[in-house]
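Visitor: Below are the sequence and a predicted model for it; my questions follow.
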Amino acid sequence: MKTIFFILQKEFIQILRNRTMLPMIIILPLAQLLILVNAATFDMKNIDLYVADKDLSATSRQLVTKFEASPFYNLEKRSFNLEEGHDLLLRDEADLILTIPQGFEHELRTEHQASVQLLINAINGNAAGLIQAYSSRIISEYNQHILVEWAPGQSQNASRPVEVVYSYWYNPEMNYKIYMVPGILVILATIISLFLTAMNIVREKEMGTIEQINVTPIRKHQFIIGKLLPFLIIALFELAFGLLLGRLIFDVPIVGSLALLFGFTVVYLLVILGFGLFLSVISESQQQVMFVTFFFMLVFILMSGIFTPTESMPEWANRVNVINPIAYLMKVIRMILLKGSGFLDIWKEFYSLCIYALLSLSLAVWRYRKTA
């Protein structure tokens, strides 16, 4: 135990002396949390709208006013010329073209029906779906308004539609930041633990100090524990610090047990640390290990469910996600913080990561050769 303590002391002294590592541990996570949580959102709040109103009636102007009153739309320009709107759409200066045909009000009064056209920039399919949903809701509400205003007797006698009352659990205000903060914390803890561990031994190789360590009487398990434990502590500190910031700045609820969350995170970090140690052992230079680590990190993060639920991915992607450790913590941290889930709700993920950690650390220990 005393030997492990001296190795830990040596590692922390190296970390404190490293001018590039300290900003990476403290400043970088703070900046990423504050920037990414505010920037990474699927909410559409600035939809550039172009209106081609060929009717110019009181009814068409009321419909346009409904769009203007919405906080999601910016009315860029209105005109009779639809071709001008097409040009704006091609130049990516408009997201939506609302076309109101001539005779719109007359058809509503005489035939009790009329049509409008929505042309949506659908390069981003998710954004186009949101624009279509927002616009359809505005038009539907305006349709109900004119039914009541123009034919109050008919609207009262007509059969009322089914009324749906929504109840949003775990995030009543639909605040996307509450969904994003736990995901960003997972990425920060992963980056810190994986990159620092992967760079650790390979840096010793480049500096030539690994040979000096190998000729000492330090045993393999003592060396590995001393190498991994500091980054486990640092990653847990990053998670705790991020949770504090998320609570104070973004008002993220902490419904579940923090002890359960940190216990699960420890198992997760053992997987990541073992993986980082394995990459560090098989690499010969810091540049090589950075490229390999970046490759795995990019794939794992994009498939982890950080932005979209894994349930919406194809079946083959869900099967591949079994070997994605980030997906496990990404799911569990949201369950514990936002839902208040207990151990019985996450036991499958917990035991899966336990097996994963055993395999990851065993592979790293087996691959590391201590030669005297």
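Guide: Great, that's in hand.
Visitor: give me phi/psi at residue 169?
Guide: Per-residue torsions, residue 169: phi -90, psi 150 (degrees, to the nearest 10).
Visitor: and if you look at residue 78?
Guide: Backbone torsions for residue 78, taken as degrees, to the nearest 10, come to phi -130, psi 150.
Visitor: measure it to residue 237 for me?
Guide: As judged by C-beta to C-beta, to the nearest Å, residue 78 and residue 237 stand 55 Å apart. (Glycine included, C-beta is placed from N, CA and C.)
Visitor: repeat for residue 165
Guide: Taking C-beta to C-beta, one finds residue 165 at 44 Å from residue 237.
Visitor: of these two, who's got more company?
Guide: residue 237 (15 against 4; other C-beta atoms under 10 Å).
Visitor: and the more buried one, what are its phi and psi?
Guide: Backbone torsions for residue 237, taken as degrees, to the nearest 10, come to phi -60, psi -40.
Visitor: Tell me which residues touch it, please.
Guide: By C-beta atoms under 8 Å, 6 or more residues apart in numbering, residue 237 lies in contact with nothing.
Visitor: Test for you: state the pLDDT assigned to it.
Guide: pLDDT recorded at residue 237 is 90.
Visitor: Likewise for residue 305?
Guide: 85.
Visitor: Tell me if it really is in a strand.
Guide: No. Remark: residue 305 does not belong to a strand; assigned using DSSP: H, G, I helix; E, B strand; the rest coil, it is coil.
Visitor: Do I have it right that it meets residue 327?
Guide: Yes. Counting by C-beta atoms under 8 Å, residue 305 does reach residue 327; the two are 6.0 Å apart.
Visitor: What segments of the stretch 151-300 of the chain are helices?
Guide: With helices called from DSSP state H, counting those that start in this stretch, the stretch 151-300 of the chain shows them at 152-157, 176-207, 209-214, 220-249, 258-282, 286-302.
Visitor: possible to save the ones you listed as JSON lines with distance to residue 352?
Guide: As requested, these are exported to JSON lines (distance: least, C-beta to C-beta, whole Å):
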{"stretch": "helix 152-157", "distance to residue 352": "56"}
{"stretch": "helix 176-207", "distance to residue 352": "16"}
{"stretch": "helix 209-214", "distance to residue 352": "34"}
{"stretch": "helix 220-249", "distance to residue 352": "20"}
{"stretch": "helix 258-282", "distance to residue 352": "10"}
{"stretch": "helix 286-302", "distance to residue 352": "15"}
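Visitor: Mind checking those for the one nearest to residue 123?
Guide: helix 286-302 (19.3 Å; C-beta to C-beta).
Visitor: Follow the chain on from the closest one and name the next helix or strand.
Guide: Sequence-wise, the next helix or strand downstream of helix 286-302 (DSSP states H and E) is helix 315-320.
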